[in-house]
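> coordinates only, sequence not included:
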DNA sequence: TTGTACGCGTTATCAA
DNA sequence: TTGATAACGCGTACAA
């Protein structure tokens, strides 16, 4: 249990001063090759690791990016996290995750910890945290949001072309002959949810179909809520031949509900999701869905943040969406 | 962009010394109520947050737990991570994740970062890192492993009753009348994989059934490998009516392969997985699998580490397994 | 090119 | 009960 060696230990062993050791560590200035070699040897010998905590304190930069997420467990946030990691790779910055569990208090606590740890930047994944607070934080450290909107900070939010994706999805169903298409929507306070519903509505009206409010049920993006929404929908007794869910997770729940009812997909009911989570290829049958690469969004968020840290504009691109047709959709039975 | 306030700022505003501020912050010793109130007021007024980096340097304790994981994206690690977070909650310790992506180099780099950040403890999730290194690290800081075995550090590894779970699963298939049961195994260097295969073998032999090597195919725990293994199995042409996969992810891949071949589950082939990932309820039909709560393992790992940090023995319990029967298994067709 | 001295923000020790 | 001082490990002016 001997203590970790410090620069001083290395300096002593290499017969140089601590500052010289620091110089070879950071490469901040030229040092004599011989001394440099001696230092390297000493570092090797003592298996020395610079203490990043001390370095952070000295530099006033922690080189860590805080990521405020909601759940470590969902596929959705997992893919996002993976993308962020990829985007940060090689930048010298490390990502640190803290989760809010979709609870205001936890989210506040997680954010506090991140800020107290002196993160150099912040990526906010969804969540309920008030816009005003986030705007205030953005004055202190650069901030990027994905999966949510922040009033007045639009340039710092990854934008997804939700409406066009929804439109394509519903259009696809219409092309297959479906006329009674239900929609399980997301949380209405969520911009993405609104836009997806808008795409649904527009596709219907542009095809001359009426929007039937009885075919629209609200969910909250979880599998559970999808299943529940399906029950509600069936209980209403309105006829329909296809369902467009505002995200894949709800589509999974709906799929289970249909299975339990003995309704076949796509023979009896066609089903479309949104997100194209990795798991959507492995459902049975594989899910037709709208791709909005979460990996790509994570990467873009990370890169945008790195640009902000370099005092450049975030220059976040708009994320395009693309309908991926798999086996949960079929021509409506005559 | 004004700088963050420090204890000195608070001290000045409250007309006390920095030490006193520190005292009310940590509660390390009594302070006059009036002064204490003044300090609190100043903290509130300036919205002060103690700099955890500085505190860590001063204390020699970072209050962070490093978690060396392999992928942020898979459901498997997601659930584990969630459990760890829950186990750490309220302890004052924060978890920091770094992923190795199943690559030696990345894993080494991730570990280096964690150690350089002066983590107070380490949780290793799976991975290839050599036992000898981990034993060395354990001499410096407490360490717990989950999803892997470390020679000589058995007390620090979460043990799962793999064999008994496998046994139950295969026994269940036998009870349903299956006689030709295939097994898609995991990486043979992985202890869990071996034990699960052992349970499979024992269930067969204890029922007086022969173990047919032609019905055993090796996978690597990914969905992809499950699909591939199924192809191999089918190509061999041996007859079978059920498949026991060494984990759920491979079962998903197998399920897709069967679907593509037009083989119905469970009508033509029964399928059993291992893990009971959250997604396994939402496959169609829901997957019969062996539960080894990942959440529980994460929690136990965290609690064990906290005990180590308190200089107590880790006292890690053995994780029990339980067969969860869902709709992917059925009586063999006469 | 190298070494000395100081600062980063906090806590612990000690003396008052 | 309080305040001054030193220390944590590192980077960097500044002087040599």
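Sure, I can see it. Keep in mind that what you see is a predicted model, and the values were worked out from it rather than measured.
> from here on, contacts and neighbour counts on C-alpha atoms
Fine.
> Identify the residue of the stretch 101-250 of chain A closest to DNA strand D, quick one.
Nearest to DNA strand D in the stretch 101-250 of chain A, going by C-alpha to the nearest atom of the strand, is residue A:118, at a distance of 14.3 Å.
> so what pLDDT did the closest residue to that residue other than its chain neighbours get?
Leaving aside its chain neighbours, residue A:118 sits nearest to residue A:62 (6.2 Å; criterion: C-alpha to C-alpha, 6 or more residues apart in numbering or on different chains). Listed pLDDT for residue A:62 reads 97.
> Confirm that residue A:243 sits in a helix.
No. Counting by DSSP: H, G, I helix; E, B strand; the rest coil, residue A:243 falls outside a helix, being strand.
> ok, it touching residue A:185?
No. Contact criterion C-alpha atoms under 8 Å: residue A:243 and residue A:185 do not qualify, at 10.5 Å.
> what does the stretch 51-200 of chain A have sitting close to DNA strand D?
When proximity is defined as C-alpha under 7 Å from any atom of the strand, the stretch 51-200 of chain A approaches DNA strand D at A:51, A:52, A:54, A:55, A:57, A:58, A:59.
> Run the chain-centre distance for stretch A:135-151.
14 Å (C-alpha atoms, centre = their mean, to the nearest Å).
> Mind checking if that stretch is in reach of DNA strand C?
No. Judged by C-alpha under 7 Å from any atom of the strand, stretch A:135-151 stays clear of DNA strand C, getting no closer than 13.6 Å.
> buried set for that stretch?
Neighbour counts over stretch A:135-151 (16 or more other C-alpha atoms under 10 Å in any protein chain shown) mark A:135, A:138, A:140-150 as buried.
> any idea which helix or strand carries the nearest residue to residue A:16 once chain neighbours are set aside?
In space, and not counting its chain neighbours, residue A:16 is closest to residue A:35: 7.4 Å by C-alpha to C-alpha, 6+ apart. Element membership of residue A:35 [criterion: DSSP states H and E] is helix A:33-46.
> Next, the buried residues of that helix.
Under 16+ other C-alpha under 10 Å, the buried positions of helix A:33-46 are A:35, A:36, A:38, A:39, A:40, A:42, A:43.
> residues in contact with that helix?
A:5, A:10, A:11, A:13, A:14, A:16, A:21, A:24, A:49 (C-alpha atoms under 8 Å, 6 or more residues apart in numbering or on different chains).
> how close does the nearest residue to the first one once chain neighbours are set aside sit to residue B:97?
In other words, residue A:5. Among residues not flanking residue A:5 along the chain, residue A:48 sits closest, at 5.9 Å (C-alpha to C-alpha, 6+ apart). Residue A:48 is 22 Å from residue B:97, where distance means C-alpha to C-alpha, to the nearest Å.
> Which residue of the two possesses the greater neighbour count?
Each of residue A:48 and residue B:97 has its neighbours counted (other C-alpha atoms under 10 Å in any protein chain shown); residue B:97 has more, 23 against 17.
> contacting residues around residue A:79?
Taking C-alpha under 8 Å, 6+ apart, we find residue A:79 in contact with A:277, A:294, A:295, A:298, B:72, B:73.
> repeat that for 10 Å
Residue A:79 is in contact with A:85, A:277-278, A:293-298, B:71-74, counting by C-alpha atoms under 10 Å, 6 or more residues apart in numbering or on different chains.
> Just give me the neighbour total for residue A:130.
Count around residue A:130 with other C-alpha under 10 Å applied: 11.
> Kindly present the contacts of helix A:33-46 as TSV, with separate columns for neighbour count and pLDDT.
Shown next, in TSV, are the contacts of helix A:33-46 (neighbours: other C-alpha atoms under 10 Å in any protein chain shown; pLDDT from 0 to 100):
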residue	neighbour count	pLDDT
A:5	15	95
A:10	27	96
A:11	20	96
A:13	17	95
A:14	21	95
A:16	16	96
A:21	27	97
A:24	19	96
A:49	19	95
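> how about the residues you listed, which pair is most distant?
A:16 and A:49 (17.7 Å; C-alpha to C-alpha).
> Break chain A down into its structural domains.
Listed by automatic domain parsing, the domain ranges of chain A are A:7-50, A:62-157, A:162-292.
> Can you give me the distance of the residue of the stretch 151-300 of chain A found nearest DNA strand D to residue A:66?
Closest contact between the stretch 151-300 of chain A and DNA strand D, by C-alpha to the nearest atom of the strand, is at residue A:299 (27.7 Å). According to C-alpha to C-alpha, residue A:299 stands 15 Å off from residue A:66.
> Between those two, which is the more surrounded one?
Between residue A:299 and residue A:66, residue A:66 has the larger neighbour count (other C-alpha under 10 Å), namely 25 against 22.
> so the more buried one sits in a strand?
Yes. Membership of residue A:66 in a strand is supported by three-state DSSP.
> wait, it sits on residue A:114?
Yes. Under the criterion of C-alpha atoms under 10 Å, residue A:66 makes contact with residue A:114 at 5.8 Å.
> Overlap of the contact sets of those two?
Common neighbours of residue A:66 and residue A:114 (criterion: C-alpha under 10 Å, 6+ apart): A:96, A:97, A:98, A:120, A:121, A:122.
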